[in-house]
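In: Take a look and give me a structure for this.
(chains A and B)
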Number of protein chains: 2
Amino acid sequence: MHQEDHFQSSDLVRDIVIGMADGLTVPFALAAGLSGAVDSPHIIIIAGIAEIAAGSIAMGLGGFLSGRTDVEHYRSEEAREYYEVEHFPDKERQEVKEIFAGYGINEEVQDKIVDELSKDKKQYVDFMMRYELGLEPPSANRARNSALTIGASYIVGGLIPLLPYVFCSSVHTGLFVSAGVTLLALLGFGYIKSKVTGQPPIQGALYTMFIGALAAGAAFLIASAFQKIK
Amino acid sequence: MHQEDHFQSSDLVRDIVIGMADGLTVPFALAAGLSGAVDSPHIIIIAGIAEIAAGSIAMGLGGFLSGRTDVEHYRSEEAREYYEVEHFPDKERQEVKEIFAGYGINEEVQDKIVDELSKDKKQYVDFMMRYELGLEPPSANRARNSALTIGASYIVGGLIPLLPYVFCSSVHTGLFVSAGVTLLALLGFGYIKSKVTGQPPIQGALYTMFIGALAAGAAFLIASAFQKIK
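Out: Numbers count the residues shown, from 1 in each chain, chains lettered A, B, ... in the order given. You can find the predicted model right below:
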């Protein structure tokens, strides 16, 4: 029970950190890019807010709908396996045996495994869903909550690079403060993100900051170049 | 051999379509949002280009680096399993038996399975990687190619909603043409995307278009509101 709680809270932390790290990157890079092309902080703020609205909806709603589709897909595959177990037991038997044959298990043991598994139809289908089709039972609420948490965190993360433009009178100062604050934030969120997703944290922190810096630098250069062409 | 080819080409098509569908959504919504707040197509085009640069780098490079991290993670877990099989064979034996105990297989058959599996150390570790840890062997090239394809397709997809602003003299006409072209493109890409990812295509097409329309509508309303406040 305690472990279950721990796991749930980790999922929440992971979603928040993923949403924030992503939200920091693109609005930051967009604002930096525009800083190379326009001289009004006002336009940068409006563009940033439009991006945050667009990105959080695309990310949150996209995740929510794809979570729903996963649930439907799982249910339809499950219904098909139940149907096949009922109507084509020999074919299903052969399919499960082949999984074990692939790991060098002899035919006698293969038959014993299937005999045991098929005693309980639910267990048999659960086994096939996971080990033959590689599908985990998706949780409908989990996908929805996760998508909404990521979307909301994207908004919060996106405001971090934008706020300096609100409080600085020139685009130049805004860009300077925004870059400093955001690269530090990316470093921190990259660290936490890697910790909670079980990856090397220092490397993850540097990768996350590097992606943000490169995206912002490229957007700045490209927008400046286009500004000069027109 | 023929099936392998088919699978490879599907992966490529899937990556192109995912990148394009995502690339269509956010730049489209950003341009629509800015249309509610600024009256210069020039600024919308520069913001759109900065967004496409930022988004494609974040998506492509992010996917590439996370693919590399997956490979490293797989290798380190694999090394650990080899070590444990060597030094704690009883513990590993118990762990594999528990997988099958969870599906109602009796102890005698559990022991037979482990006896067979453990005859070949590589097979034994491969089995644990997949069925105990749920890890698939990641392909380093595959992840890199996939990330680059998605990033490049994001750029192409992002140009579709922007081009109307280049060819229309007013923001109002640009928005009108951009919305028409992009919503049709989202419908088409959503259809193909669902087909190649094995999901219901009509539903997927409508979902994809709906997300784009909602993101663009929200960005437009929010940017217009902020324009009035300032």
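
In: Who's the closest spatial neighbour of residue A:177, skipping the chain neighbours?
Out: Of all residues not flanking residue A:177 in the chain, residue A:164 sits nearest, at 3.8 Å (CB to CB, 6 or more residues apart in numbering or on different chains). Placement of C-beta: from N, CA and C, glycine included.

In: That neighbour and chain B, how far apart?
Out: Remark: distance between residue A:164 and chain B (CB to the nearest CB, to the nearest Å) = 16 Å.

In: which is the next helix or strand following the helix or strand containing that residue?
Out: For residue A:164, the enclosing helix or strand under DSSP states H and E is helix A:140-167. Using DSSP H and E, the helix or strand that follows helix A:140-167 in sequence is helix A:171-196.

In: helices and strands of chain A: which one has the lowest mean pLDDT?
Out: helix A:2-35 (a mean of 76; mean pLDDT, DSSP states H and E).

In: And the residue lying closest to residue A:120 once chain neighbours are set aside, what's its pLDDT?
Out: With sequence-adjacent residues excluded and distances taken as CB to CB, 6+ apart, residue A:120 is closest to residue B:104, at 5.5 Å. For residue B:104, the model assigns a pLDDT of 78.

In: give me phi/psi at residue B:104?
Out: phi 70, psi 20 (degrees, to the nearest 10).

In: could you measure it against residue A:124, distance?
Out: To residue A:124, residue B:104 is 9 Å away according to CB to CB, to the nearest Å.

In: likewise residue A:35?
Out: Residue A:35 is 61 Å from residue A:124, where distance means CB to CB.

In: Who has more neighbours out of these two?
Out: residue A:35 (26 against 23; other CB atoms under 10 Å in any protein chain shown).

In: What's the separation between that one and residue A:188?
Out: Distance, residue A:35 to residue A:188, using CB to CB: 23 Å.

In: Now do the same contact list for the residue lying closest to residue A:147 once chain neighbours are set aside.
Out: Excluding the flanking residues, the one nearest residue A:147 by CB to CB, 6+ apart is residue A:63, at 3.2 Å. For residue A:63, the contacting residues are A:143, A:146, A:147, A:150, A:151, by CB atoms under 8 Å, 6 or more residues apart in numbering or on different chains.

In: out of those, who has the most neighbours?
Out: Top of the contacts of residue A:63 by neighbour count (other CB under 10 Å): residue A:150, with 24 neighbours.

In: quick one: contacts for that one?
Out: Contacts of residue A:150 (CB under 8 Å, 6+ apart): A:15, A:16, A:18, A:19, A:22, A:59, A:60, A:63.

In: Stretch A:125-144 near chain B at all?
Out: Yes: contact of stretch A:125-144 with chain B (CB under 8 Å from any CB of the partner chain) involves A:126, A:127, A:131, A:134, A:136.

In: export those residues to JSON lines and tack on pLDDT and secondary structure?
Out: Below are these laid out as JSON lines (pLDDT from 0 to 100; DSSP: H, G, I helix; E, B strand; the rest coil):
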{"residue": "A:126", "pLDDT": "86", "secondary structure": "helix"}
{"residue": "A:127", "pLDDT": "83", "secondary structure": "helix"}
{"residue": "A:131", "pLDDT": "79", "secondary structure": "helix"}
{"residue": "A:134", "pLDDT": "77", "secondary structure": "coil"}
{"residue": "A:136", "pLDDT": "79", "secondary structure": "coil"}
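
In: Quick one, which of the residues you listed are buried?
Out: A:126, A:127, A:131 (16 or more other CB atoms under 10 Å in any protein chain shown).

In: Look up the closest residue to the first one, ignoring the ones flanking it.
Out: Translated: residue A:126. Spatially, and ignoring its direct neighbours in sequence, residue A:126 is nearest to residue B:103 (7.1 Å; CB to CB, 6+ apart).

In: What helix or strand is the one you found located in?
Out: When secondary structure is defined by DSSP H and E, residue B:103 falls outside every helix and strand.

In: how many neighbours does it have?
Out: Residues near residue B:103, counting by other CB under 10 Å, number 17.

In: now the one 4 residues further on
Out: Counted with other CB under 10 Å, the neighbours of residue B:107 add up to 10.

In: and it, what is it in contact with?
Out: Going by CB under 8 Å, 6+ apart, residue B:107 touches B:97, B:101.

In: ok, it to residue B:123 distance?
Out: 22 Å.

In: how much does the biggest helix by length in chain A deviate in direction from helix A:171-196?
Out: Longest helix of chain A, by residue count under DSSP state H: helix A:41-87. Helix A:41-87 runs at 20 degrees relative to helix A:171-196, counting by axes from the mean of the first three to the mean of the last three CA atoms, to 10 degrees.

In: tilt between helix A:41-87 and helix B:2-35?
Out: 150 degrees.

In: Beyond helix A:41-87, next helix or strand please.
Out: Per DSSP H and E, the first helix or strand lying C-terminal to helix A:41-87 is helix A:89-101.

In: Output the contacting helices and strands for that next one.
Out: Contacts defined by 3 or more CB pairs under 8 Å, 6 or more residues apart in numbering or on different chains; DSSP states H and E place helix A:89-101 against helix A:41-87, helix A:107-117.

In: tell me the mean pLDDT over the longest one?
Out: When you say that, I think you mean helix A:41-87. 86.

In: overlap in contacts of residue B:104 and residue A:124?
Out: Taking CB under 8 Å, 6+ apart as the criterion, residue B:104 and residue A:124 both touch residue A:117.

In: For the residue of chain A most remote from its centre, give its distance to chain B.
Out: The C-alpha centroid of chain A is most remote from residue A:108, which lies 43.3 Å away (CA atoms, centre = their mean). Residue A:108 sits 8 Å away from chain B, going by CB to the nearest CB.

In: isn't residue A:127 right next to residue B:104, touching?
Out: No: in this structure residue A:127 lies outside contact range of residue B:104 using CB atoms under 8 Å: 9.3 Å.

In: Many thanks, I have nothing further to ask.
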